[in-house]
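> please work out how this folds:
(one chain, ligands or ions: 2)
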Amino acid sequence: MKLLLVGSGGREHAIAWKLAQSPKVDKIYVAPGNGGTALENKCENINITDIDKLAEFAKNNDIHLTVVGPEDPLTKGITDKFKAEGLRCFGPDSEGAKLEGSKSFSKFFMKKYGVKTAEYEVFTNPEEALSYLYDCQYPIVIKADGLAAGKGVVICESKKDAMKAVQNLMIDDAFNGAGQKIVVEEFLEGVEASILSICDGKRIIPFISAKDHKQIYDGGKGPNTGGMGVLAPNPYVTSEVMRDFENNIMANTLRGIQEEGFDFKGIIFFGLMITKKGVYLLEYNVRMGDPETQSVLHSMESDLYEVIEAAMDERLNEIQVEWKDEVCINVVLASSGYPGDFPKGFPITIDESIKDNVFLAGAKLEKGVLKTSGGRVLSVIGTGKTLEEAREEAYRNVELVDFMGAYCRKDIGIFE
Ligand code: AMP
Ligand code: GLY
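Ligands and ions are numbered 1, 2, ... in the order given. Okay, the predicted model is just below:
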């Protein structure tokens, strides 16, 4: 089979690596891909991002299945377009993708179907938002309605923070329209967990849980990033938490997907907050998390291609997704300066012995040389029977990778 994989991050390198292991997969075109997918087994990068051109490529190249990595093409309707052209595309239709693409839509959906989530209000008028924020309790959370590359959520400790957020999102329009509408939400205190899962429209199978480290510095200090490392499974996701999630979040979500009539053959990622009052849903994503995917897929025993095919054919009830009995950590190596400005173009060296333990993100292949091209450059994996073993291996492997200014947190896998 020939596949097309859309995306260019560390997540896509991990997806490509895992799909390439399937004996049924002969070739994976990655659009546009990165330095990691350029070198990956069975993979070839193609420089196409336009949805119509991707559909044309899939038609002309006998592509059996297209797998979409990021949310952007999904919210823009890549699945609708492919379906209309008789092509098979893994990922929800544009209506289903609104669960990630619009925070107000997803909150409305959660409330309608009884999915446990924080209380909220929606505003499209800055005066009304300001007047509400004048009298409410703090801290409070303000979220841009639309996609804002992970930067549209502000935790406001005070009225002053909230006024600033409204000014930035609604009045100054910092996210080109995405913050014209805002969701103002009750602040929840607890521990976060990511649960990626696969959905065929009739059933949802959760993957192993994961714990992201969002801040740049050790101990969870400093500004938020796209994610500096992941531990999977997440030790806070006990069987009791899992039951709570399945009964109060996952089951109701599935009912909603069915009643709304979404064509949802894809990934649904639940961003959870585990609180003293139980598990709450913070957000849906309609794609795999980055860098969660790098850990979760590394621990997947099953053939990912077979799992996706089962979802495409609405056969998830016939399969089991198997996991390795291991703890998996990925440590992100970032360019020095990230998440602020950073230099790029530095050569990257990776010891051959850890090839299967490195997923490249902000890296490109230039005349046969891997060079840094982004903030988060790559993830280094370590596994073990215990957290200590996994940490030890991950940080040993970090020593076998090098580029100028490489920075990583030293405490991935450790939580206070
Ligand atoms: P979201 O994009 O909605 O997941 O928000 C991004 C991050 O903001 C989450 O991963 C949490 O760390 C934080 N966050 C979002 N909503 C809340 C909330 N209601 N209470 C506390 N923290 C939140
Ligand atoms: N790591 C969180 C996300 O992918 O949204």
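> G77 touches D93, doesn't it?
Yes: at 7.3 Å, G77 counts as touching D93 under the criterion of Cβ atoms under 8 Å. (C-beta placed from N, C-alpha, C; glycine too.)
> so what's the residue nearest to T117 when sequence neighbours are not counted scoring on pLDDT?
Among residues not flanking T117 along the chain, M110 sits closest, at 4.4 Å (Cβ to Cβ, 6 or more residues apart in numbering). Note on M110: pLDDT of 98.
> quickly find the element holding M110.
helix 103-112 (DSSP states H and E).
> what are the C-alpha coordinates of that helix, in CSV please?
Taking C-alpha atoms only, helix 103-112 is exported to CSV below (Å, rounded to 0.1, in the frame of the first residue of the first chain):
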residue,chain,number,x,y,z
LYS,A,103,-13.6,26.6,21.8
SER,A,104,-17.2,27.9,22.0
PHE,A,105,-18.5,25.1,19.8
SER,A,106,-16.7,22.5,21.8
LYS,A,107,-17.9,23.9,25.1
PHE,A,108,-21.5,24.0,23.8
PHE,A,109,-21.1,20.4,22.6
MET,A,110,-19.7,19.3,26.0
LYS,A,111,-22.6,20.9,27.9
LYS,A,112,-25.2,19.5,25.5
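> identify the residue nearest G374 in space, chain neighbours excluded?
Nearest one to G374, counting by Cβ to Cβ, 6+ apart, is G362 at 1.9 Å.
> and that neighbour, how close does it get to Y338?
The span separating G362 from Y338 equals 9 Å under the rule Cβ to Cβ, to the nearest Å.
> now do D218
Counting by Cβ to Cβ - D218 and Y338 are separated by 15 Å.
> show me what the helix holding M110 packs onto, helices and strands only.
Where contact means 3 or more Cβ pairs under 8 Å, 6 or more residues apart in numbering; DSSP states H and E, helix 103-112 is packed against helix 94-101, strand 120-123, strand 182-186, helix 251-260, strand 278-285.
> run through who's touching that helix.
By Cβ atoms under 8 Å, 6 or more residues apart in numbering, the surrounding residues in contact with helix 103-112 are 98-100, 115-117, 120, 122, 143-146, 152, 181, 183, 185, 256, 260, 281, 283-284.
> return the set of buried residues in that helix.
Buried residues in helix 103-112, counted by 16 or more other Cβ atoms under 10 Å: K103, S104, F105, S106, K107, F109, M110.
> quick check: which ranges of the chain have low pLDDT?
The model of the chain has pLDDT under 70 over residues 416.
> could you tell me which residues of it lie near ligand 1?
Contact residues, the chain versus ligand 1 (Cβ under 6 Å from any ligand atom): 118, 141, 143, 153, 155, 185-188, 192, 271, 282-283.
> are any of the contacts of helix 103-112 buried, and which?
Neighbour-count burial (16+ other Cβ under 10 Å) is assigned, among these, to 98-100, 115-117, 120, 122, 143-146, 152, 181, 183, 185, 256, 281, 283-284.
> in the chain, which residue sits nearest ligand 2?
Distances between the chain and ligand 2 by Cβ to the nearest ligand atom are smallest at G289, namely 3.5 Å.
> tell me who's in contact with that residue.
R11, S194, L196, A210, D212, G227, F269.
> all strands of the stretch 101-250 of the chain, in order?
Using DSSP state E, counting those that start in this stretch, the strands of the stretch 101-250 of the chain run over residues 120-123, 140-144, 153-156, 182-186, 191-199, 204-212, 215-217, 221-224, 229-232.
> need those in CSV with distance to D62, can you?
CSV is the format used below for these (distance: least, Cβ to Cβ, whole Å):
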stretch, distance to D62
strand 120-123, 46
strand 140-144, 41
strand 153-156, 42
strand 182-186, 44
strand 191-199, 25
strand 204-212, 29
strand 215-217, 44
strand 221-224, 42
strand 229-232, 35
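> and among these, the most buried is which?
Sort the strands of the stretch 101-250 of the chain by mean neighbour count, taking mean count of other Cβ atoms under 10 Å, and strand 229-232 sits at the top with a mean of 28.
> just give me how far that one sits from the chain centre.
13 Å (Cα atoms, centre = their mean, to the nearest Å).
> now the residue positioned nearest the centre of the chain: phi and psi?
Closest residue to the average C-alpha location of the chain: G289 at 1.7 Å, with Cα atoms, centre = their mean. Per-residue torsions, G289: phi -80, psi 150 (degrees, to the nearest 10).
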